[in-house]
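J.: Sequence first, predicted coordinates after that:
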Amino acid sequence: MLIPLSWLKEYVDIKLPLKELMWKMTEAGLTCEATKKVGDEVVLDVEVTANRPDWMSILGVAREIAAIQGLRVREPKIKELPAQTAKFPIDLVPNFDLFERWSAIAIKGIEIKASPKWLSERIKQMGHTPINNVIDITNYVMYELGIPMHAFDYDEMSGQIMTPGLSKGGEKFTSVDGDSYTLPKDAIIINDSERLIDLAGIKGGLNSGIKDSTKNILLHVTIDNPVLVRRASIALGLRSDASAIYERGPDKGGVVNALKRAVNLILDIAGGVIASEMIDIKKEKFEPWELALSFKKLDDVLGIRIDPSEVIKILSKLNLSPKKSKDGVTCLIPTYRGDIKIEEDLVEEVARIYGYNKFPKTLPKGQVTSIKIPYYFDDSFHKKIKQIMTASGYSEAIPLSLLSKASLEKFGINSKNAVKITNPVSLEYEYMRPSLLPGLLEGIKINNEGLVQLFEIDKTYPEENYKLAAVAKGLTFRQLKGTVDLIFGRLGSEDFEIEFETDKDYFHPSKSGTIKIGREKVGEFGELTPILLSKLEIKDTVLCFEFDVAALQKHAKIKDYKDLAANPSQVEDLTLIFPPKTRIGEVAKVIEETPLVQDCDLTGTYKGSYTFRIWYQDSKKNLTDKEVEESRNKILKEIKNKFGGKLKS
Amino acid sequence: MQEDIINLKNQAIAQISGAGDAGELEELRAAYLGRNGKFTLLVKKIKEIPPEKRKEFGITLNESKIAIENIISDKKHELLKSLTEKREWFDLTIPGVKPNLGHLHPLTQVLSEVKQIFNYLGYQVADGPEIETDYYNFEALNIPKDHPARDTQMTFYIDGGGILRTQTSAMQGRVMEKMKPPFRVLVPGRCFRYEQVDASHGFEFWQVEGFVVDENIHLTNLFGTIDYVLRELFGKEIKLRYATTNFPFVEPGVDTYMSCTICGGRGCSFCKGTGWSEIMPAGMIHPNVLKTAGIDTKKWNGFAFAIGLSRIVNLRYQIKDLRTLTTPDLRILKQF
């Protein structure tokens, strides 16, 4: 909402320096962070919250500024209307579901011409182009009082009847400014005896609009159903100053006064005489209502005691007419403050004018519960994984979770199985990711370094299960596998099994596999297919894995501590050779499970030969050479029987 | 025999005094005092000594051994001292060999701090769905269908039903309807709003919602909590100010402004030239929200707040473009 300073000053004096006033307005809830210049005029730009239709008017803002400064507001003087001197018949058909209040008056014999300079300047300051005297006046009064109104050409209204109703959808409508629209269903429309003449709350029709030749007019104000106006204006993409006021709910009590204000101005500027009574069809009286505020409630919510005399002073400044009662006050809420409905609303009124920045700051005294809240989330497992990943040289990335259909298709993922957004900002971001890998691979693509290691722990959709994924270029398979071994080892779930296939098309058919613990699948690891990488325009070999965090966590154990052996272990290296296609991981397991073997590492591989470093130990005594030899022979025997392997000669 | 001992002792002292380093000293110690050392062998000869002279022999032998031990100890100290005091050229500026450690994302680092601060204040962390219902995201928060407040939270709709949550506040209803107060809850997470992407807007962002329901919760407690948390995060010297605002799920509503850390309060594009950054919207929980969740508003009340986590990360590290955080570029990630 724009507030020209000179216009504002017609209703309230400004005592504070402008910058200070702007902050005070912001503190009170009428956010004002910027000014601009229109010609010589300084214009305040205020952000009006959804609860305050009254701030959608210069007078409403003036009332707030008066309250902030402790000054009185000068309401515009609205004269009583002169007597009716002509009689134009007009029939308004009531419909309180659509118009809670509907007021109208006819004027005969006006002259349409350009507005006087002061009026056209005001319209320009509000960021609009002046049109003619009558239309400019209706807009002027809307800006001044926050009540939208519309003028029809009386002679264009067939049958002198107006019937409000709802659009069926598909109706063609040309607005007063000449634009054509196809109406959505359930917009509020007004028909005369023949035609659709008004899109209520949004725009008037061209057929019944003011023309240069217009002589007689009907001026009306409707209080429209805010939901229907909002839906229709969103559907048409037509948000106007008027629709913004209607959505917030304008001052239902101020309707007749606003019409009088406009008629006064029209008679002065465009001439004419009153040609009908003031028609006022209303569902209820729309009068100020009483609302009580107890001092106890005020103290309870605020946590400080504001002196009752101060409370009364604040509420009086806001025109809320507080009357002292036994243990509080009773206010009379003016009709333009439709936002004040419950006691808490009055608490806020007192607090905001008292000044939020005067409040002391204390921490809550209450109890800390020992009961776990619903949806309780312990992130210590995620932290543990993140430690392992960063220690393994992987950096954490957090890419966007939306991606394109094309991106899914590159991975061979059927978009039908992915969560789709019906109103994406662009087709680049139309689907929720079913895997963390596409986002991380973007990282492989944009990083030119030879060694790139990235990981992420986050949700995939639709299940919203946490996954752990990592991608790497510049690593050997054994280096990636080392991190996989480390994750499972550190989490105490070393007993995982590897299946030599995956159900994902983007994993290399021979250089990738599935990891299972027991029967449960944890995820996949290995190399990505050259086809995928070529589609992603990645030239390097990429290794990756993606695991289900819940599955990892389910099988994680705290490993028991083993007492240190008092006696030293014996260490030796065995270099073994095997037939092709031997699973060396299983060889290592066999060695480790041999009696007296404490540990075993694969320390080197060379052309089909594998060197294992083996630690022999007996916790009870020192081993003799003979005992080590026996253990070694067992290893060699098992390896020969199970794998056809032998010592390299 | 006595003389043999004395001679041996003198020989030992001479050799020990001339020892050049710790290794040589250790060899001498073994040669004289070790298991097969010369003094140890002498002890074994005591049987050859006439009984009346054995006492004297024993005393001399023992005294000599102690004397040698002392000299070895002195010599050792002397050698260490000369090693310690020796000055030589040693380049301390040579670049080190860094272990290849990965980096944690700044969102993770800052969130971890935020959680720690709130843990200290007795909050428990909840994790909720990102694919939400309209009910929890809006209606349970006193934002009925067609409410104009929805304009500030343009929503993504899911094919087949549901929406992407626009705020982690959506967890208020979920927690409140399942648990009796008192509770203090923190909900970090990804949120989504339909916005065109530019330097200061993204359609995905991170928010941390917090809410407390208890007996005797006051607006002063909300100010106290915001003040404590932001000063823990940004330092005691930051400037804070509060303003009234309107969100349908709070009454009274509070907006928190912090002096912009990017421009130091002079005004920049990040703070729209005001020198202040809107950082933590909050308020006392609207009675309608509590009632909808089945909480007795005569007994309980509470406050709620939201921290723009992405924004806090930006302010902390002076990141001017929001898109920086979601770009998986190592040149970015390695800075944290």
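T.: Structure received.
J.: Spatially central residue in the chain, please.
T.: Defaulting to chain A. The structure's chain A has its C-alpha centroid closest to residue A:425; by CA atoms, centre = their mean the separation is 13.3 Å.
J.: Sorry, I should have been clearer: chain B.
T.: Centre-nearest of chain B using CA atoms, centre = their mean is residue B:113, 6.7 Å out.
J.: For that residue, which non-adjacent residue is closest in space?
T.: residue B:233 (6.5 Å; CB to CB, 6 or more residues apart in numbering or on different chains). In short, each C-beta sits where N, CA and C put it, glycine included.
J.: Can you give me the domain boundaries for the chain?
T.: Unless you meant another one, I'm taking chain A. A:2-69, A:91-282, A:289-356, A:380-554, A:570-647 (automatic domain parsing).
J.: Chain B is the one I meant
T.: Split by automatic domain parsing, chain B gives B:2-85, B:106-333.
J.: so where does the residue nearest to the centre of chain A fall, helix or strand?
T.: Secondary structure assignment for residue A:425, by DSSP states H and E: no helix or strand.
J.: And the next helix or strand past the helix or strand hosting residue A:299?
T.: Assigned by DSSP H and E, residue A:299 belongs to helix A:295-302. Toward the C-terminal end, the helix or strand that comes next after helix A:295-302 (DSSP H and E) is helix A:308-317.
J.: residues in contact with the following helix or strand past that following helix?
T.: Downstream of helix A:308-317, the first helix or strand assigned by DSSP H and E is strand A:323-324. Contacts to strand A:323-324, defined as CB atoms under 8 Å, 6 or more residues apart in numbering or on different chains, come from residues A:308, A:312, A:329-332.
J.: Just give me how far strand A:323-324 sits from the chain centre.
T.: The chain centre lies 42 Å from the centre of strand A:323-324; the measure is CA atoms, centre = their mean, to the nearest Å.
J.: Pairing partners for it, with directions?
T.: strand A:328-333 (antiparallel) (DSSP bridges).
J.: Quick check: buried residues in the strand it pairs with?
T.: Across strand A:328-333, burial judged by 16 or more other CB atoms under 10 Å in any protein chain shown covers A:328-329, A:331, A:333.
J.: Show the subsequent helix or strand relative to the helix-or-strand element of chain B with minimal mean pLDDT.
T.: Lowest on mean pLDDT, DSSP states H and E among the helices and strands of chain B sits helix B:38-44, with a mean of 82. Next helix or strand after helix B:38-44 toward the C-terminus (DSSP H and E): helix B:51-85.
J.: Now the residue in the stretch 251-400 of chain A that chain B sits nearest to: phi and psi?
T.: Nearest to chain B, among the residues of the stretch 251-400 of chain A, is residue A:303, at 2.5 Å (CB to the nearest CB). With angles defined as degrees, to the nearest 10, residue A:303 sits at phi 80, psi 0.
J.: What is the neighbour count of the closest residue to it other than its chain neighbours?
T.: For residue A:303, ignoring the flanking residues on the chain, the nearest one in space by CB to CB, 6+ apart is residue B:218 at 2.5 Å. Per other CB atoms under 10 Å in any protein chain shown, the neighbour tally for residue B:218 reads 22.
J.: correct me, but residue B:218 touches residue A:302?
T.: Yes - using CB atoms under 8 Å, residue B:218 is in contact with residue A:302, at 6.1 Å.
J.: Tell me who's in contact with residue 168.
T.: You didn't say which chain, so I picked chain A. Contacts of residue A:168 by CB under 8 Å, 6+ apart are residue A:185.
J.: Can you look at chain B instead?
T.: B:128, B:187-189, B:191, B:207-209, B:306.
J.: what element comes up after the strand or helix carrying residue A:245 heading to the C-terminus?
T.: Element membership for residue A:245 (DSSP H and E) is helix A:241-248. Using DSSP H and E, the next helix or strand after helix A:241-248 towards the C-terminus is helix A:255-270.
J.: Dump that following helix to PDB, restricted to CA.
T.: Provided in PDB are the C-alpha atoms of helix A:255-270 (Å, rounded to 0.1, in the frame of the first residue of the first chain):
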ATOM      1  CA  VAL A 255     -20.300   1.700   3.700                       C
ATOM      2  CA  VAL A 256     -22.900   4.500   3.700                       C
ATOM      3  CA  ASN A 257     -20.500   7.000   5.000                       C
ATOM      4  CA  ALA A 258     -18.100   6.200   2.100                       C
ATOM      5  CA  LEU A 259     -20.900   6.500  -0.400                       C
ATOM      6  CA  LYS A 260     -21.700   9.900   1.000                       C
ATOM      7  CA  ARG A 261     -18.100  11.000   0.700                       C
ATOM      8  CA  ALA A 262     -18.000  10.000  -2.900                       C
ATOM      9  CA  VAL A 263     -21.400  11.600  -3.700                       C
ATOM     10  CA  ASN A 264     -20.200  14.900  -2.100                       C
ATOM     11  CA  LEU A 265     -17.100  14.900  -4.300                       C
ATOM     12  CA  ILE A 266     -19.100  14.000  -7.400                       C
ATOM     13  CA  LEU A 267     -21.600  16.700  -6.900                       C
ATOM     14  CA  ASP A 268     -18.800  19.200  -6.400                       C
ATOM     15  CA  ILE A 269     -16.600  18.100  -9.200                       C
ATOM     16  CA  ALA A 270     -18.900  16.500 -11.800                       C
END
